[in-house]
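Enquirer: Sequence first, predicted coordinates after that:
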Amino acid sequence: MPFSSRTMMDTGPVAIGRVRAVAQWAAVTSSFAAIVVLMLAPLSNYAAFSSATMSGDPKSIAWTFAWTSHAILTGTPLFDANIFYPARPALAYAEHYVGVGIWGLPLFALTGNAVLVYSVLKILALTLNAVAMYACVRRWLPGRVPAIIAALIFSVSAPRLLYSGNVALVWNCWFPLLLVTLHRWSEHRRWRWLWASVALFVLQALATWYLAVMAFIVVVTFVAWRELWAVLWPAQPRGAGSTTGSDGGRRWAMAGVQAVAGTAVVVLSVWPFASPYLLLAEREKVTPDLARRYSADVGSYVQPHENALAGPLITRVTGLDTRRVVAERAQFVGLITLALCLVGAARTGWLARRRDLGKADRTDVLWGGYFLIVALLGAGLSFGPGGDGSVRLFDAIARVPALNLFRVPSRFAVLVVFAVAGLAALGCAGLQRLGRRVSWIAGALLVPLMLLEWAVVPASGLKPQPDPIPPIYRVVSTLDVHALVSLPCYRRSDTPPMDADYMLYSTIHWKPMVNGYGRADPPGMHWVVGAVNAFPGPNSAIRMREMGVDHVVVHSERYRDRAVAILREAASSRDFELLAQVGSDYLYRVRSSR
């Protein structure tokens with residue numbers, strides 16, 4: 001049937017509205033991305049964007065993202081990673097980060113550059129955090145200023161910037177969107193909102209195990225608090241559509257069926273990725289002393305970090321010492337943010353005393369109370385285990401299988417920052433009651449001041465330096481290699497995690513290798529390391545043949561004496577054959593036994 005003029009008139013405004021909405025969201029996203037790039041500048045090396053990254057965890061994470069893409073593109077089982085040879089499943093001794101790595105798949109497929117993928121995903125993580133938080137708050141509070149404030153806190157506040165190198169940990173964009181879909185589901189109990197919540201939960205849970213537990217806290221806390229809120233602050237007046245009697249019973253029955261179905265899908269989706277870790281849980285228990293070393297305290301949230309641009313001024317005003325950026329214990333979000341958060345918490349408490357609230361105030365109690373509970377839970381868990389007979393909130397989960405793998409309780413500060421962003425938005429909304437013009441003026445002043453308060457002063461060692469893959473590994477990629485070891489092979493216990501360098505270098509050849517760095521060492525790894533580090537001794541050759549290691553790369557510049565004695569002995573050895581030398585790097589083949 002041809003379109004009538006009336007139909008065309010109706011669809012015209014709709015199409016224009018959609019174009020405007022897309023344009024507005026594109027502008028919001030690009031604006032947040034520009035701010036993220038600016039705030040990350042002191043911690044980044046944009047001149048070497050595709051080759052510069054820090055040693056240790058960042059290189060390990062970059063390798064993991066690349067491995068996820070490589071496994072998908074080649075059909076290799078995910079946990080059969082090329083590290084920690086001959087241990088299997090190797091990836092179970094590290095992290096899979098699938099929920100983040102999959103988003104780098106197209107870029108890695110085009111470029112094969114793991115560092116480029118890592119650098120792009122870091123910017124994308126903080127940008128998506130901002131956009132998601134902005135969308136969440138816009139559904140709850142009128143005006144753009146509170147949403148902008150919350151979005152910036154959740155994306156570029158000091159804790160977000162300082163620990164952005166752990167891209168998987170700051171990949172939290174699904175938290176705010178989970179709240180949106182859960183709220184829709186709790187209101188209507190429709191299946192589509194349930195499946196949307198399930199999908200978002202699985203995506204967040206697959207980012208890292210820490211975030212899986214945090215997502216569980218986000219979901220359970222909201223569902224429980226929303227039901228309590230509906231009882232304590234019922235809608236006034238009750239409409240004809242209220243759920244009473246048999247209608248209420250059917251609604252609860254439907255909620256139960258949906259909850260069971262959603263939980264089953266989550267378990268089935270997450271289990272293949274979680275089961276390898278659960279099998280190793282008993283072997284990798286974290287001691288209370290180790291967990292305390294990586295626990296936050298009150299000072300973590302009220303002391304500026306040592307590299308804060310406004311740190312000296314804040315210290316002078318408050319009299320508080322600066323906090324060192326170690327063990328992820330610096331979680332200060334800024335004085336302005338804390339002030340707005342306290343205003344939001346105070347407003348929530350003031351409104352909660354009343355029972356006859358209007359629609360807007362009732363909504364503020366829902367969200368303000370929720371974020372306040374999450375802040376308390378996150379802070380309590382971040383304080384880690386108790387000691388000297390005291391018991392803390394973290395002790396409750398430390399006794400649960402699989403949860404006892406949590407080595408860094410301070411990471412629960414992610415929930416605190418999330419909650420602070422929501423409470424600060426509520427506090428900022430109070431400015432709107434003074435008038436729209438006052439609100440925009442206040443926003444124009446607050447946003448720059450908050451960004452200055454979060455800004456990081458460039459410090460030595462904070463900027464990543466270029467570390468291109470040594471050309472010797474291009475030679476390795478052309479050979480038929482059963483297993484490889486790069487020397488010197490480092491030990492996690494007594495040296496920095498330099499084996500992560502070798503992991504990143506392996507993205508050019510993907511051959512199995514002895515080297516690896518992760519959350520734990522495979523059983524007997526110290527014997528393997530001892531054997532390969534004895535190169536080029538005859539016993540080392542025997543052990544390599546037994547394990548199936550047939551090639552050795554020696555990075556002579558990584559030895560204090562440039563491996564002079566090692567290279568001299570290897571030249572005269574009957575067990576090893578020099579295949580190639582590129583600069584200070586040497587490639588040997590392990591000769592077969594005679």
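Expert: Happy to help now that I have it.
Enquirer: what's the burial count for the nearest residue to residue 141 once chain neighbours are set aside?
Expert: Beyond its immediate neighbours in the sequence, the residue positioned closest to residue 141 (CB to CB, 6 or more residues apart in numbering) is residue 429, lying 4.9 Å away. All C-beta spots, glycine's among them, are computed from the backbone N, C-alpha and C. When counting by other CB atoms under 10 Å, one arrives at 26 neighbours for residue 429.
Enquirer: How much space separates residue 429 from residue 76?
Expert: 50 Å (CB to CB, to the nearest Å).
Enquirer: Residue 210 too?
Expert: 26 Å.
Enquirer: what's the answer for residue 153, then?
Expert: Counting by CB to CB - residue 153 and residue 76 are separated by 40 Å.
Enquirer: Compare these two and say which is more crowded by neighbours.
Expert: Between residue 153 and residue 76, counted using other CB under 10 Å, the more crowded position is residue 153 (31 against 14).
Enquirer: picking up where we left off before, doesn't the residue nearest to residue 141 fall inside a helix?
Expert: Yes. The assignment for residue 429 is a helix, going by DSSP: H, G, I helix; E, B strand; the rest coil.
Enquirer: Let me know whether it touches residue 146 as I believe.
Expert: Yes. Applying CB atoms under 8 Å, one finds residue 429 in contact with residue 146, separated by 4.7 Å.
Enquirer: what residues are up against the residue found closest to residue 477 once you drop the neighbours it is linked to in the chain?
Expert: Distance criterion CB to CB, 6+ apart; nearest residue to residue 477, sequence neighbours excluded, is residue 509 at 3.8 Å. By CB atoms under 8 Å, 6 or more residues apart in numbering, the contact set of residue 509 is 473, 474, 476, 477, 481.
Enquirer: In PyMOL, how would I select the buried members of those?
Expert: If you want just the buried ones from these in PyMOL, going by 16 or more other CB atoms under 10 Å, the selection is:
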select buried, resi 473+476+481
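Enquirer: Next, give me the two most distant ones among the contacts of residue 509.
Expert: 474 and 481 (12.8 Å; CB to CB).
Enquirer: What segments of the stretch 351-500 of the chain are helices?
Expert: Taking DSSP state H, counting those that start in this stretch to define them, one finds helices in the stretch 351-500 of the chain at 359-382, 393-398, 413-432, 436-454, 472-477, 499-505.
Enquirer: could the ones you listed go into a markdown table alongside distance to residue 344 and mean pLDDT?
Expert: Conversion of the helices of the stretch 351-500 of the chain to a markdown table gives the following (distance: least, CB to CB, whole Å; pLDDT from 0 to 100):
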| stretch | distance to residue 344 | mean pLDDT |
| --- | --- | --- |
| helix 359-382 | 6 | 95 |
| helix 393-398 | 23 | 83 |
| helix 413-432 | 3 | 93 |
| helix 436-454 | 14 | 84 |
| helix 472-477 | 53 | 96 |
| helix 499-505 | 41 | 94 |
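Enquirer: I'd like to know which of these is closest to residue 169.
Expert: helix 413-432 (6.8 Å).
Enquirer: Okay, now the unreliable bits of the stretch 101-250 of the chain?
Expert: Within the stretch 101-250 of the chain, the segments meeting pLDDT under 70 span 236-248.
Enquirer: where does the residue nearest the centre of the chain land in three-state SS?
Expert: Note on the chain: the residue nearest the mean C-alpha position is residue 169, at 1.7 Å, using CA atoms, centre = their mean. Counting by three-state DSSP, the backbone at residue 169 sits in coil.
Enquirer: what about it, distance to residue 163?
Expert: As judged by CB to CB, residue 169 and residue 163 stand 6 Å apart.
Enquirer: Now residue 258: closest residue in space that isn't a chain neighbour?
Expert: Leaving out its chain neighbours, residue 258 is closest to residue 194 (CB to CB, 6+ apart), at 4.9 Å.
Enquirer: How many residues are close by the one you found?
Expert: By other CB under 10 Å, the residues close to residue 194 number 22.
Enquirer: in terms of contact, does it touch residue 264 like I think?
Expert: No. Between residue 194 and residue 264 there is no contact under CB under 8 Å: 11.7 Å.
Enquirer: What residues does residue 587 make contact with?
Expert: 472, 475, 476, 551, 552, 553, 554, 578, 579, 580, 581.
Enquirer: Repeat the analysis, applying 10 Å as the threshold.
Expert: 472-473, 475-476, 479, 481, 484, 551-554, 577-581 (CB atoms under 10 Å, 6 or more residues apart in numbering).
Enquirer: Distance-wise, check the residue nearest to residue 557 when sequence neighbours are not counted relative to residue 578.
Expert: Computed as CB to CB, 6+ apart, the closest residue to residue 557 that is not its neighbour in sequence is residue 584, at 4.6 Å. The gap separating residue 584 from residue 578 is 14 Å, by CB to CB.
Enquirer: so where do the helices sit in the stretch 101-250 of the chain?
Expert: Under DSSP H, counting those that start in this stretch, the stretch 101-250 of the chain gives helices at 105-111, 114-138, 145-156, 158-162, 174-188, 191-205, 209-232, 245-279.
Enquirer: now the third one and helix 114-138, what's the angle there?
Expert: Spelled out, that is helix 145-156. Relative orientation of helix 145-156 and helix 114-138, computed by axes from the mean of the first three to the mean of the last three CA atoms, to 10 degrees: 150 degrees.
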